[in-house]
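J.: Next comes the sequence, and after it the predicted model I'd like to discuss.
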Amino acid sequence: MTREEHKLALLKKYFGHESFRKGQAGITDAILDGRDVAAIMPTGAGKSICYQLPSLMLGGVTVVVSPLISLMKDQVNALLQAGIPAAYINSSLTPPQMDMAISRARQGAYKIIYVAPERLETQSFRDLGSFIDITMIAVDEAHCVSQWGQDFRPSYLNIREYAASLPRRPIIAAFTATATDAVKRDIITMLGLRDPYCITTGFDRDNLYYAVSEPKDKLAETVRLIKSYDGQSGIVYCSTRKNVELVCDELNAQGIPCTRYHAGLPDEERRRNQDDFIYDRVRVMAATNAFGMGIDKSNISFVIHYNMPKNIESYYQEAGRAGRDGSEAVCTLLFARKDVQTCKFFIENSNDENEQSEEFKRREYRRLDAMVRYCTSPDCLRHSILTYFGEQSADMCAKCSNCASGFVSEDVTVAAQKILSCVYRLAQKDLRMGEVFVTDVLTGSKAKKIKDFGADKLSTYGIMADTGRLKVRAIINGLCDRGYLRRGDFEVLILTAKARELLFEGKQLSMTFKKSTAEDKPQAAKLTSRQERIAEDPELFDKLRALRTELASEAGVPAYIIFSDAALIDMCRVKPRDMDDFLTVSGVGSVKAERYGEKFTAAIRGYLADKASEPAV
């Protein structure tokens, strides 16, 4: 059997797939050739297979460095269900369990071992490296190695030293869903990757529908959206614990089962609430961003951001937890001006010493500015995300709220002159201010800070009171994009020489704006895909789902680890009656077929027999 044939045979046997997804084959080959890897792949693209499958073909053991206990547990459960010997060694184990796991690892009982980065610093795990042949270290969520990444975990910086301390340096394969060029360079440098095979498979998740709206009542809009999703599973992200409690209480009061997750809850309650969501006992989770990294729940149909995240990296990763099984899913961001102030507060009041430098704050403000532009721009939302990550895309996608709303072109020459004049008048008073303050002045805000600085005495105070704040800010962003304004330190607005064209030389300026819509109906409509696929035979789907729940309960694992919704939907399409047919179902490998095939095919045979015996209507 050739290596190619061997790869595909293992892919089907253990993971139930006939072919590789984009990027997987190249990464697998690079690892098998002994090369280090730096791979940037979107959530749901199948990163784990890229190191799990070659670990089966390499000699020795693969150590997977992962940041969260919940991720390790899910991944190990999935591997064990697929018939791959694996274990995790982390702080959730009791001392006797830890000793047993280390002892079994020394005896060669595991092919894949998951650990937190902090575990690499312990003497017991370092000693283990002398007894087993570690041929690969797979670094999951590798952006954590960079302080400019989404999460900075200092222990990630020790991975390079740990690899060097082993009797034989292993292959190092790094994976993440989000990384700018700067973060990618950090990953390669800080992990000490040698001539790595680098690949970015693309950031586009074409099954996700992106939406931004600015509702007058966020809570009511959240309830409306979730009710429109007709019993499907999703996450509502909030920036504060207070909002998590508010959303959770309101959803439950409205008859929508919801649980909560934030750092202020006792550990036991957080664990219980997370399990209730993962095991489908509760369909909605209200949470801060402390929840979600490494959650492999495949049937999340929507993610709502009740508050704006502090940067696009965070938003992309959190929104990307929807639609992991490939079904259509909706990612909605409910924008409000005060969210920007909350993000600025977090930037200015970090307790981390690494986040106190002026350079760090400047970077964070630039990232925040990009997030605000995403929320206020009329441009295609998918195009905005992909452009941010350096990927080219079409100007319109037809699968976001901006594209669905349509656009209108408008002459903004006079409005632009008013904005530029305001910035000029403020500078005359030695006031360098950002877009929020300038907008406050132009719209005639009564805020105390306006009076404190004497800005209410300017000739430009209130001259755009009849223009919506979001539109004023959209024009400001447009002026920055076109070079009439630039942003200085801490995002203050500064006139450029080009501003003379609009102020004194008769230059005309038009901008494109999103048409306003009263309701975001396309958001709800996009979730019909999963429902339509189930509707091919909803009765059989419910029967198979009940069987899956029963088997998951017996095995003590989440239902999606037995089979994903996508696999059940394919069973409804194929209707396999024997093992040969069952093996043709997407996501069914020979190990799971041997374990569960007879029960599922028996259920399908019984269902078809009952249908055949029903009298014709």
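T.: Arrived safely, thanks for sending.

J.: Could I get the full set of strands for the stretch 1-150 of the chain?
T.: For the stretch 1-150 of the chain, strands defined by DSSP state E, counting those that start in this stretch occupy the ranges 37-40, 61-65, 86-89, 112-115, 134-139.

J.: wait, what's in contact with S130?
T.: P167 (Cβ atoms under 8 Å, 6 or more residues apart in numbering). Heads up, the C-betas are built off the backbone N, CA and C, glycines and all.

J.: let's have the chain start at 457 instead
T.: Yep, numbering from 457; the last one is S586 now.

J.: Next, give phi and psi for the residue lying closest to D662 once chain neighbours are set aside.
T.: Of all residues not flanking D662 in the chain, K855 sits nearest, at 7.2 Å (Cβ to Cβ, 6 or more residues apart in numbering). Backbone torsions of K855, given as degrees, to the nearest 10, read phi -130, psi 40.

J.: wait, K855 sits on R661?
T.: No - counting by Cβ atoms under 8 Å, K855 stays clear of R661, with 10.1 Å between them.

J.: neighbour count winner among those two?
T.: A side-by-side neighbour count of K855 and R661, using other Cβ atoms under 10 Å, places R661 first with 24 against 19.

J.: three-state assignment of that one?
T.: coil (DSSP: H, G, I helix; E, B strand; the rest coil).

J.: ok, it touching A633?
T.: No - taking Cβ under 8 Å as the definition, R661 is not a contact partner of A633, at 9.8 Å.

J.: Would you mark the buried spots in stretch 944-964?
T.: 947-949, 951, 955, 957-958 (16 or more other Cβ atoms under 10 Å).

J.: ends of that stretch, how far apart?
T.: Distance across stretch 944-964, first residue to last, is 26 Å (Cα to Cα, to the nearest Å).

J.: can you pull out the strands in the stretch 807-956 of the chain?
T.: 863-867, 941-943, 949-951.

J.: just how off-centre is the first one within its chain?
T.: With Cα atoms, centre = their mean, to the nearest Å as the basis, strand 863-867 stands 33 Å off its chain's centre.

J.: what does the second one give?
T.: Chain-centre distance of strand 941-943: 31 Å, with Cα atoms, centre = their mean.

J.: for it, packing partners?
T.: helix 869-884, helix 925-937, strand 949-951 (3 or more Cβ pairs under 8 Å, 6 or more residues apart in numbering; DSSP states H and E).

J.: Out of those, which gets the lowest mean score?
T.: The minimum mean pLDDT among these belongs to helix 925-937 (a mean of 89).

J.: Can you tell me what sits against it?
T.: Residues contacting helix 925-937 (Cβ under 8 Å, 6+ apart): 670, 793, 828-829, 832-834, 868, 871-872, 875-876, 891-892, 894-895, 898-899, 920, 941-943, 949, 967, 969.

J.: Just the buried ones from those residues?
T.: Buried positions within the contacts of helix 925-937, assessed by neighbour count (16+ other Cβ under 10 Å), are 670, 793, 828-829, 832-834, 868, 871-872, 875-876, 891-892, 894-895, 898-899, 920, 941, 943, 949, 967, 969.

J.: Tell me the buried residues in stretch 523-542?
T.: Neighbour counts using 16+ other Cβ under 10 Å place 523-535, 537-538, 540, 542 of stretch 523-542 among the buried residues.

J.: need the longest helix for this structure.
T.: helix 1046-1069 (DSSP state H).

J.: Packing partners of that helix?
T.: If you count contacts as 3+ Cβ pairs under 8 Å, 6+ apart, helix 1046-1069 packs onto helix 459-471, helix 525-538, helix 994-1011, helix 1035-1038.

J.: ok, back up a step: please list all residues in contact with the residue nearest to D662.
T.: Contact analysis of K855 by Cβ under 8 Å, 6+ apart lists 662, 664-666, 838, 982.

J.: repeat for A1015
T.: Residues counted as contacts of A1015 (Cβ under 8 Å, 6+ apart) are 735-736, 1001, 1004-1005, 1008.

J.: Can you give the domain ranges for this structure?
T.: Partitioning the chain according to automatic domain parsing yields domains covering residues 459-656, 664-859, 864-970, 991-1069.

J.: gap between the third one and the chain center?
T.: If you compare the mean C-alpha spot of domain 864-970 with that of the full chain, they lie 34 Å apart, counting by Cα atoms, centre = their mean.

J.: Ends of that domain, what's the gap?
T.: Chord length of domain 864-970, first to last residue, is 6 Å (Cα to Cα).

J.: Surely I734 and K753 touch.
T.: Yes - with contact defined as Cβ under 8 Å, I734 reaches K753; the gap is 5.5 Å.

J.: Could you tell me which residues touch both of the two?
T.: Common neighbours of I734 and K753 (Cβ under 8 Å, 6+ apart) are P1014.

J.: low pLDDT regions in the protein?
T.: Along the chain, the model assigns pLDDT under 70 to residues 603-608, 748-751, 807-812, 971-991, 1071-1073.

J.: So which residue is dead centre in it?
T.: Q773 (2.1 Å; Cα atoms, centre = their mean).

J.: Would you mind pulling the contact partners of the helix or strand encompassing A1022?
T.: Element membership of A1022 [criterion: DSSP states H and E] is helix 1021-1030. Outside helix 1021-1030, the residues that touch it by Cβ under 8 Å, 6+ apart are 472, 754-755, 781-783, 986, 989-990, 992-993, 996-997, 1000-1001, 1004, 1019, 1037, 1040-1044, 1056, 1060.

J.: Which among the residues you listed count as buried?
T.: Among these, those buried by neighbour count (16+ other Cβ under 10 Å) are 472, 754-755, 781-783, 986, 989-990, 993, 996-997, 1000-1001, 1004, 1019, 1041-1044, 1056, 1060.

J.: From the contact counts, what lies against the host helix or strand of Y665?
T.: Assessed by DSSP H and E, Y665 sits inside strand 664-669. Packing partners of strand 664-669 (3+ Cβ pairs under 8 Å, 6+ apart): strand 785-790, helix 837-844, helix 857-861, helix 977-981.
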